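> what's the 3D shape of this:
(one chain, ligands or ions: 1)
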Amino acid sequence: MEVLGLFSMPSWLVVILMVIAFLLMYTVYKQRYFKRLNIIGPTPIPFLGHMHHMVRKGFQGTDMEMTRIYGKCYGMFLGNIPQLIVSDPEMIKQVMVKQFSAFTNRPNTLLIRFSKFFDSAVPTVQGDYWKFLRSMLNPTFSSNKLRNQILCCRLFEAFVLDAMCCTIFGQQVESQRNPNDPFVQNAKKALNTGLVDAKILIFAIFPELYTLIREIPMLNQEAVDFFMQATKSALADRRQAQSGSYNDFLQLMINAHKEDGTDADDRNEMNVGFGAYKKRGMTDLEVLANAIMFILSTFDPTSNLLIFMSYCLATNQDVQERLRTEVNKELGKNKPTYDNVFNLTYMEMTVNETLRMYSPLQRLARSAVQDTVLCGVKIPKGLDVCVPIQFMHYDPKYWDNPHKFSPDRFSPENKDKIHPFTFLPFGVGPRSCIGLRQAILEAKMAIAALLQNFRIVTSPETEIPPKMDKRKVITCPMNGMYLRLEPL
Ligand code: HEM
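Okay, here's the model as predicted:
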């Protein structure tokens, strides 16, 4: 084939060059997005944007570094997908609370991690459908309901798993004594998600292919099937049992369920008003998807909170002693219960300080559902807005000596001095974590039981400070956490 009448080339080579030129033009156009909006940010590289940075430094390292350089509002790219990173408390307030109706949804970059089955689970659903599901599930997490559910009190991953199975399925799982328990094995398999994998990479480069790429299962399907089966048989048990014999999330969701419920898998429902949902309860599919999603949303953050809290106590023996004195005074030799851990004020302060220093989630994210303006910055519909949690938790403007572990920041006298919208481990606003109360309750009970019986100390293998696994979405130690428990 002759090119511009100047020289000849085989046609296949011309086609390849044209495809490359097209792809380059595509990525350059996409990555000029923030230039068109006059928003500053680091220069992206074609196709990858700043993904190479995220893989090398993790979300946390990238956010800390870039926010220091570019300030409180700048643009970055996950591949070709623009993400506005905001760390100004007023902007956070606007996105999460004041203009919630313009930022109701989570971005596709988060949803792509879950297969279609989770289209009816509360963290992934959108608009009015989210309002409906959240309103159905909120009562399930009320203080009164939690009082009746939390019966188990054991350790870390196994503890969290046991507590989850107990609260969600009403099922006792001996995962601490039996690490081969299928619940443990499958929970670990299902949750093994990294920052970037092939599915996210393809989506980040070609976000227009969202619907197609979404079909590729990402969470380990075998593990999801296992939990689906477990939930289905638990549902069947509930149907045969006398009403009132179960007191777990599953039962509460079933109570919000009507047999004649239309199948929520119908995507058209997304477009109807909230009022239309109000006429029905939860369908089987919604109960299933949410029960499994609770397992997935709970396991890693809660067990990592316990792991980091133990690390903080082992490296701050004075805090540990003060905490043990409080536990002994309030509980004596009694087992921790919903009621007796309620008054553990110093415990709550220590949990909060651990969450500040080691927030299990590193970013909050919302997608603009309409054009809007955020503190003078034009936000077009579809732009993802992200909040770097860890940057907010370490910003010296809001926290004195932010690298120091100091539970007293959260004392009743000091709590009111914390600048609003700077402490965000559970997010903030109507779409914040539904399981906040449960997570804090579990942490208080687990640590109280531990301190009644053991002193937590470092061992020669303890990494101080712990290296973080930058490839993970959840904050977790790279090389595990080695601590010693000395019986008292
Ligand atoms: C230490 C433990 C936990 C941490 C740090 C944590 C943190 C978070 C964060 C940061 C969000 C996003 C909030 C936002 O976008 O504003 C979230 C959402 C959510 N969490 Fe948690 N979480 C924890 C435990 C739990 C537990 C125990 C459950 C349930 C049993 C749970 C269920 C959920 C659900 C369903 C959502 C989505 C809410 C919605 O979209 O309406 N989480 N969590």
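> can you tell me which residues contact the residue positioned nearest the centre of the chain?
The centre of the chain sits closest to Leu361, judged by C-alpha atoms, centre = their mean, with a distance of 5.2 Å. Applying C-beta atoms under 8 Å, 6 or more residues apart in numbering to Leu361 gives the contacts Pro301, Ile389, Pro425, Gly427, Val473, Ile474, Thr475. For the C-beta atoms, the positions are set from N, CA and C on the backbone; glycine is no exception.
> repeat for Phe423
So Phe423 contacts Asn352, Arg356, Met392, His393 (C-beta under 8 Å, 6+ apart).
> quick one: it is in a helix?
No - Phe423 is assigned coil when assessed by DSSP: H, G, I helix; E, B strand; the rest coil, not a helix.
> how near is it to the ligand?
12 Å (C-beta to the nearest ligand atom, to the nearest Å).
> Now that residue: phi and psi?
phi -120, psi 110 (degrees, to the nearest 10).
> repeat for Val14
phi -60, psi -40.
> ditto for Thr104
phi -70, psi -30.
> One more: the one 10 residues further on?
For Phe114, the backbone dihedrals are phi -110, psi 140 (criterion: degrees, to the nearest 10).
> Also Thr27?
Dihedral angles for Thr27 - degrees, to the nearest 10 - are phi -70, psi -40.
> just checking, it touches Phe47?
Yes - judged on C-beta atoms under 8 Å, Thr27 makes contact with Phe47 at a distance of 5.1 Å.
> circling back: widest-spaced pair of the contacts of Phe423?
Asn352 and Met392 (14.0 Å; C-beta to C-beta).
> which bits of the protein sit near the ligand?
Residues of the chain found near the ligand (C-beta under 6 Å from any ligand atom) are 122-123, 134, 294, 297-298, 301-302, 305, 360-361, 364, 425-428, 431-435, 438-439.
> Filter these down to the ones in helices?
Arg134, Phe294, Ser297, Thr298, Pro301, Thr302, Leu305, Gln438, Ala439 (DSSP state H).
> And those residues, which of them are buried?
Phe294, Ser297, Thr298, Pro301, Thr302, Leu305, Gln438, Ala439 (16 or more other C-beta atoms under 10 Å).
> What segments of the stretch 101-250 of the chain are helices?
For the stretch 101-250 of the chain, the helices defined by DSSP state H, counting those that start in this stretch cover 108-111, 127-137, 143-149, 156-164, 182-191, 198-205, 210-214, 221-240, 249-255.
> what's the least confident stretch among the ones you listed?
Out of those, helix 143-149 stands lowest, with a mean of 59 (criterion: mean pLDDT).
> can you map out the strands along this protein?
2-3, 7-8, 73-78, 81-86, 363-367, 372-374, 377-379, 384-388, 454-458, 483-487 (DSSP state E).
> I'd like the mean pLDDT over the fifth one, please.
Meaning strand 363-367. 96.
> and what of the second one?
Averaging pLDDT along strand 7-8 yields 70.
> Please list all residues in contact with Pro420.
Contacts of Pro420 by C-beta under 8 Å, 6+ apart are Pro89, Lys93.
> For the ligand, give me its nearest residue in the stretch 101-250 of the chain.
Pro123 (3.6 Å; C-beta to the nearest ligand atom).
> and the gap between that residue and Leu111?
9 Å (C-beta to C-beta, to the nearest Å).
> Need the residues touching each of the two.
In contact with both Pro123 and Leu111: no residue, using C-beta under 8 Å, 6+ apart.
> and the nearest residue to Pro430 once chain neighbours are set aside, what does it touch?
Among residues not flanking Pro430 along the chain, Phe100 sits closest, at 5.6 Å (C-beta to C-beta, 6 or more residues apart in numbering). Applying C-beta under 8 Å, 6+ apart, one finds that Phe100 lies in contact with Gly429, Pro430, Arg431.
> Can you verify my assumption that the last one contacts Trp130?
It refers to Arg431. Yes - between Arg431 and Trp130 a contact is recorded at 7.5 Å, counting by C-beta under 8 Å.
> so what sits against both of those two?
Common neighbours of Arg431 and Trp130 (C-beta under 8 Å, 6+ apart) are Thr104.
> Check what pLDDT the residue lying closest to Asn334 once chain neighbours are set aside gets.
Once flanking residues are discounted, Asn334 sits nearest to Asn340: 6.2 Å by C-beta to C-beta, 6+ apart. Listed pLDDT for Asn340 reads 91.
> Show the contacting residues for Asn340.
Counted by C-beta under 8 Å, 6+ apart, Asn340 has contacts Glu330, Leu331, Asn334.
> Before we move on, what's the pLDDT of the last one?
Residue-level confidence at Asn334 comes out at 92, pLDDT.
> now it: how far from the ligand?
Asn334 is 24 Å from the ligand, by C-beta to the nearest ligand atom.
> What does that residue show for phi and psi?
Dihedral angles (degrees, to the nearest 10) for Asn334: phi -70, psi 150.
> right, and Leu250 touches Thr231 too?
Yes - counting by C-beta under 8 Å, Thr231 is a contact partner of Leu250 at 7.2 Å.
> quick one: which of these two has more around it?
Taking neighbours as other C-beta atoms under 10 Å, Leu250 and Thr231 compare with Leu250 leading, 25 against 21.
> Any stretches of the stretch 51-200 of the chain with poor pLDDT?
Scanning the stretch 51-200 of the chain with the threshold set as pLDDT under 70 gives 143-180, 184, 188, 190-196.
> Now for the residue lying closest to Lys93 once chain neighbours are set aside, how many residues are close by?
Closest residue to Lys93 apart from its sequence neighbours, by C-beta to C-beta, 6+ apart: Phe421 at 5.1 Å. Counted with other C-beta under 10 Å, residues neighbouring Phe421 total 22.
> what's the spacing between Phe421 and Glu353?
18 Å.
> And Glu65, by the same measure?
Counting by C-beta to C-beta - Glu65 and Glu353 are separated by 24 Å.
> between the two, which one's more packed in?
Neighbour totals were compared for Glu65 and Glu353, and Glu353 leads with 21 against 14 (other C-beta under 10 Å).
> Run the chain-centre distance for stretch 79-91.
17 Å (C-alpha atoms, centre = their mean, to the nearest Å).
> List the buried residues in that stretch.
Gly79, Asn80, Ile81, Pro82, Gln83, Leu84, Ile85, Val86, Ser87, Asp88, Pro89, Met91.
> Now it - C-alpha only, CSV.
Output of stretch 79-91 as CSV, limited to C-alpha atoms (Å, rounded to 0.1, in the frame of the first residue of the first chain):
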residue,chain,number,x,y,z
GLY,A,79,-5.5,4.4,33.5
ASN,A,80,-7.7,6.7,31.4
ILE,A,81,-10.3,7.3,34.2
PRO,A,82,-10.1,10.8,35.8
GLN,A,83,-10.3,10.9,39.5
LEU,A,84,-10.5,14.2,41.5
ILE,A,85,-8.7,13.9,44.8
VAL,A,86,-10.1,16.2,47.5
SER,A,87,-8.8,16.6,51.0
ASP,A,88,-10.3,19.9,52.1
PRO,A,89,-12.8,19.3,54.9
GLU,A,90,-15.3,21.7,53.4
MET,A,91,-15.2,19.9,50.0
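> shouldn't Val28 be in contact with Pro44?
No - Val28 is beyond contact range of Pro44, at 9.7 Å (criterion: C-beta under 8 Å).
> Which one of these two is surrounded by more residues?
The residue with more neighbours, out of Val28 and Pro44, is Pro44; 26 against 12, by other C-beta under 10 Å.
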